[in-house]
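Student: Got a sequence here, can you model it:
(chains A and B)
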Amino acid sequence: MATLPTTTSPTRTLLRLATAGSVDDGKSTLVGRLLYDSKSVLADQFDAVERVSRDRGLASADLALLTDGLRSEREQGITIDVAYRYFATAERSFILADCPGHVQYTRNTVTGASTADVIVLLVDARKGVQEQTRRHLAVASLLRVPHVVVVVNKIDLVDFDEATYDRVASEVLGVATSLGLTDVTTIPVSALDGDNVVEASARTPWYEGPSVLTFLETLAPAGEPHSEPLRFPVQLVIRPQAAAGDEHRDYRGYAGQIASGLVRPGDPVTVLPSGRTSTVAGIDTADGELDVAFAPQSVTLRLADDVDVSRGDLIVTSRSVPAVTQDVEGTIAWLADHRLAGRTKVLLKHGTRTVQAMVTEIKGRLDLDAARLEPADSLELNDIGHVTLRLASPIAAEEYLHARAGGSFLLVDGQDGTTLAAGMVGDALLATATV
Amino acid sequence: MRPAHVSETLTPNEKERMTVVDDAPGTAERPTYRLDQLAWLESEAIHIIREVAAEFERPVLLFSGGKDSVVMLHLATKAFWPAPVPFPVMHVDTGHNFPEVLAFRDATVERLGLRLVVASVQDYLDDGRLRERSDGTRNQLQTQPLLDGITDHKFDAVFGGGRRDEEKARAKERVFSLRDEFGQWDPRNQRPELWNLYNGRHRPGEHVRVFPLSNWTELDVWQYIAAEGIELPPLYYAHERDVFERDGMLVAVTEVSQPRPGESVERRLVRYRTVGDMSCTGAVESDAATVEDVVVEVAATRLTERGATRADDRASEAAMEDRKKEGYF
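Tutor: Purely as a prediction, here's the structure:
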C-alpha cells in the first residue's frame, strides 16, 4: 500500500511520466485513480468532484473530473490540453503530464513525451491496438522515451480474461517492436475499479507482475551522467564588475544547466562553435565551489583561459567534441495550425543558441499505420516528417538517437514567435520506421 | 536507495541535498550521480530564471512577501551569484496587506538592494478607475493595476510564483505563458513547451508570464524553505490572533475585516498558509511554530492551501480560469 510521503528523505528522486492513448481509453480515470489511491487528492478536491458527479446524476465520484481543469474540457468531457499533476509515495515523487487522446491534440503527446522518463500508454482491452496506439508508440520511439508501460485497461469489461489480455498485450508488443521500442511492459488494469493500479488485484490471479504504481516506484531512471560526454550550453556570462564589491570585481563565469555528462575542475574543454580550448578552473554555485557537477545541475563554470564565450556557445569535454555544421537533417513533429510547404524561413533554437534557418527540403512524411516514410512535399499539423535545414550559422548538432539534449531543437516563426515544430537531429525516423 | 558517497567540498546543506545515490546497492560498481528532488527543482528553476534574464529586455519579478515569491526571489539571487539580481521586483498592493508582510517586503528589498515597483489598488480606488466590491475584498481588483504596471514600465517578462499543484487551471499553464496585448491568457492556444527549450518570443505589446516554480508542490516549497533556511514573514508560523469565523474560514480582526453581528471573536493559535488580502485570506488553526513543524503539518494536511484559505477561489469551478483569462496572476 502506498503511504504518505515522509518528510525527511534526503535522497528522494523524481520520475517524470506522460500518459497516452485513445480518447475514452480511461486516461483521466487512471490518473484520478493513481492520485486518489496514493492519497494525493485532498479532501476539498474530492468533495468538489463528488458534488459535480452528483449534479450530473452519477452513482459514484467520476475521478476523471480531478484532472479536466478547463471549462471547455468539463463541458465536452474530454481532455484538451496537457495537465501536470504531482503525487508522491514513500518511495518517490512523480510529475505526471496528462496528455489528451484526440488525434488533433497529438502535439500535446509530443510535448509530454519530450521530458518523460516513462510513457503510460492506455489500451482498451476490448479494442486492442487503435490508430492512436500506433501513433503514440511512434511518438515514444521518436522521442526516445526510455520506458513504456502499456496499461491494458477495462480488463473488468472482458471478465478479467487472461487470453484476451495475452492477445492484446502481444499485439501491442508486436507494434512496439516494429517501431524499435525495446523497454515495454504490459499490465492488466481496471482504472475504474482500481485493479492493479496501486494494489495487486485478486481478480487477475494469472498476472504476477507489479501494479502500475509499484512499477513506477521501482523503475530505474535512464541516463547516467558519468557515461555521457559533458555538454554545457552557456545561458549567460556572469560578470558582476563593481556591483559585487572588491572580492568579485574581476569575476567572469559562464552560467548554465549541464545538459549531459559531468564536469570536474581541471577538465579540458572546448567551446563551440569557435573550437577554442581551455580547462575548467572552477565550478561555482551560490552555496560554494563544487569538486564535481553533473546533469541536470545549474552551475557556473570558470575557465582557466580568457577565451571568448557568450550566450549560445556550447562548452563540451575536449575528449568528445561534436562536429559543428550549418546543414542539419532531422525529423520534425509539425505543431502549427498552418501547413509547412516548400522553402520556409524559420528560427531554430538548439540549446541556448537561436539561429536563422531555412527548411530547404521536405523529404517525406511518416505513415504511422505502416510505420514507414512516404513521399510528401508538405506537412500538416500533427504530421511527423523528415526535412533538411540550412542554417545561417553553425550549431553542434548531435544525433538525437544518442543525445536527447544535444539532438533536440525547436523551429520558431520569426514573425509572430509561434512554436512551429519539435525537431530531432538525424534519421531517428528511419531508424524507427525500419520494419 | 542509500547514500553512497558525499562530496567533501560541499557545504553541510549541499551535502544533504546533493547526495550521490547508489541506485542498485551491491550491483553497481560505481556510484550513480543523481539529484534529489529539491536539488532537481532548484536547478530547473534557476535554468528558467537565467533564460529569462538572457532573452528578455525588461523582466520583473512579482514579489508580495508571500512564501512562493520569497522562494522565487531566493532562487534568483542564487541564479546570478556573485552578481546581483538583474531585474526589479513589483508588488501589486491591495491596500489590504498584513502589516508584517509589508515590513518583510521592504526589509527584503533593502537587504538585496533591489528596485521595488508598487502598483497600488488604493490609487485606483481613490481616483475612481476601480470601485470597491460589495464584499469589500480586493484580490480580484489586482488585475488592472498589474496590467497597467506591466505596460507603463514596458516589462516584457513577468515572473510569478504560481504552481501547477495549486489549482486545476494552473495545472494546464506553461512555464512560459504568453499574454496578448490585453494581458489575456488563452488556454486553448498555448504554445507547446518541449524539452527544456523555452520559447519567449513575442510581438510588441505582448508579454510572457514565467513560472519558475511550476513543478513545485506546497510541500516542496516548505521543504526547500527548511533546507535553505529562508526567512519568511512571521505570520506563516503559529501565533495567537483575534479571529472570527466566516464562510468556514478564520478571518483576522483588522481594520478592513470586522466581525458582523453574530460572528464572535476568539483568540486562537493560528498560522497562515497563504498571505493575500487580509479581509478574505483565512488562517488555519495550528501549533506549528517552526519551519520543521510546518513541513510535518503540510505533509499531513487533507485540504489544499487554496481550499483552506481563499474565499475568492471557492466562487465557482472555473473561478481561477476566468480570472487568468482576464490577465490575473
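
Student: and the residue of the stretch 301-435 of chain A found nearest chain B, which of the three is it?
Tutor: Taking CB to the nearest CB as the measure, the stretch 301-435 of chain A has A:G417 as its residue closest to chain B, at 3.1 Å. C-beta here means a position set from N, CA and C on the backbone, and glycine is covered the same way. The assignment at A:G417 comes out as coil when based on DSSP: H, G, I helix; E, B strand; the rest coil.

Student: does A:R404 really touch A:R144, like I thought?
Tutor: Yes. The criterion here is CB atoms under 8 Å, and A:R404 meets it with A:R144 at 5.9 Å.

Student: what's the closest non-adjacent residue to A:L347?
Tutor: Computed as CB to CB, 6 or more residues apart in numbering or on different chains, the closest residue to A:L347 that is not its neighbour in sequence is A:V412, at 4.3 Å.

Student: what about the one you found, neighbour count?
Tutor: The tally of other residues near A:V412 (other CB atoms under 10 Å in any protein chain shown) stands at 23.

Student: gap between it and A:A422?
Tutor: Computed with CB to CB, to the nearest Å, the distance linking A:V412 and A:A422 is 11 Å.

Student: who in the stretch 51-200 of chain B is up against chain A?
Tutor: Within the stretch 51-200 of chain B, the positions near chain A by CB under 8 Å from any CB of the partner chain are B:51, B:53-54, B:77-84, B:164-165, B:167-169, B:171-172, B:178, B:187-188, B:190-197, B:199.

Student: Can you turn the buried subset of these into a selection I can paste into PyMOL?
Tutor: When burial is assessed using 16 or more other CB atoms under 10 Å in any protein chain shown, the buried subset of those is captured in PyMOL by this command:
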select buried, chain B and resi 51+53+54+78+79+80+81+82+83+164+165+167+168+169+171+172+178+187+190+191+192+193+194+195+196+197+199
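
Student: okay, which residue is most central for chain B?
Tutor: Central residue of chain B (CA atoms, centre = their mean): B:D68, 2.8 Å from the mean position.

Student: Which residues are in contact with the nearest residue to that one once chain neighbours are set aside?
Tutor: Taking CB to CB, 6+ apart as the measure, B:D68 lies nearest to B:G161, with 3.2 Å between them; neighbours along the chain are not counted. Shown here is B:G161, whose contacts under the criterion CB atoms under 8 Å, 6 or more residues apart in numbering or on different chains are B:L62, B:G66, B:D68, B:S69, B:V71, B:M72, B:F211, B:L213.

Student: from these, which single one is nearest A:H136?
Tutor: B:F211 (27.4 Å; CB to CB).

Student: Measure how buried the spatially closest residue to that closest one that is not a sequence neighbour is and give me the count.
Tutor: Distances taken as CB to CB, 6+ apart place B:G162 nearest to B:F211, at 4.9 Å, with adjacent residues excluded. Neighbour count for B:G162, taken as other CB under 10 Å: 24.

Student: I'd assumed B:K324 was in contact with B:G162.
Tutor: No. With contact defined as CB under 8 Å, B:G162 does not reach B:K324; the gap is 9.1 Å.

Student: which residues do these two both contact?
Tutor: Common neighbours of B:G162 and B:K324 (criterion: CB under 8 Å, 6+ apart): B:R170, B:E173.

Student: Quick one: classify whatever residue of the stretch 51-200 of chain B ends up closest to chain A as helix, strand or coil.
Tutor: As assessed by CB to the nearest CB, chain A sits closest to B:K168 within the stretch 51-200 of chain B, at 3.2 Å. Per three-state DSSP, the secondary structure class of B:K168 is coil.

Student: Quick check: it touching B:M320?
Tutor: Yes. Using CB under 8 Å, B:K168 is in contact with B:M320, at 7.4 Å.

Student: got the CA positions of the longest helix along chain B in CSV?
Tutor: Looking only at chain B and at elements set by DSSP state H, the helix with the highest residue count is helix B:37-55. Extracted C-alpha coordinates of helix B:37-55, given in CSV (Å, rounded to 0.1, in the frame of the first residue of the first chain):
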residue,chain,number,x,y,z
GLN,B,37,14.1,16.1,-5.7
LEU,B,38,14.8,19.6,-4.2
ALA,B,39,18.1,19.9,-6.0
TRP,B,40,16.4,19.0,-9.2
LEU,B,41,13.6,21.5,-8.7
GLU,B,42,16.1,24.2,-7.8
SER,B,43,18.2,23.5,-10.8
GLU,B,44,15.2,23.7,-13.1
ALA,B,45,14.0,27.0,-11.6
ILE,B,46,17.5,28.6,-11.9
HIS,B,47,17.7,27.5,-15.5
ILE,B,48,14.3,29.1,-16.2
ILE,B,49,15.2,32.4,-14.4
ARG,B,50,18.5,32.6,-16.3
GLU,B,51,16.8,32.0,-19.7
VAL,B,52,14.5,35.0,-19.0
ALA,B,53,17.4,37.2,-17.9
ALA,B,54,19.2,36.3,-21.1
GLU,B,55,16.4,36.5,-23.6
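
Student: Who are the packing partners of that helix?
Tutor: Helix B:37-55 is packed against strand A:14-21, strand A:236-238, strand A:253-257, strand A:298-303, helix B:12-17, helix B:67-80, strand B:157-159, helix B:218-228, with contacts defined by 3 or more CB pairs under 8 Å, 6 or more residues apart in numbering or on different chains; DSSP states H and E.

Student: check contacts around A:A163.
Tutor: By CB under 8 Å, 6+ apart, the contact set of A:A163 is empty.

Student: And it, how far from A:S170?
Tutor: Shown here: A:A163 relative to A:S170, a distance of 11 Å by CB to CB.
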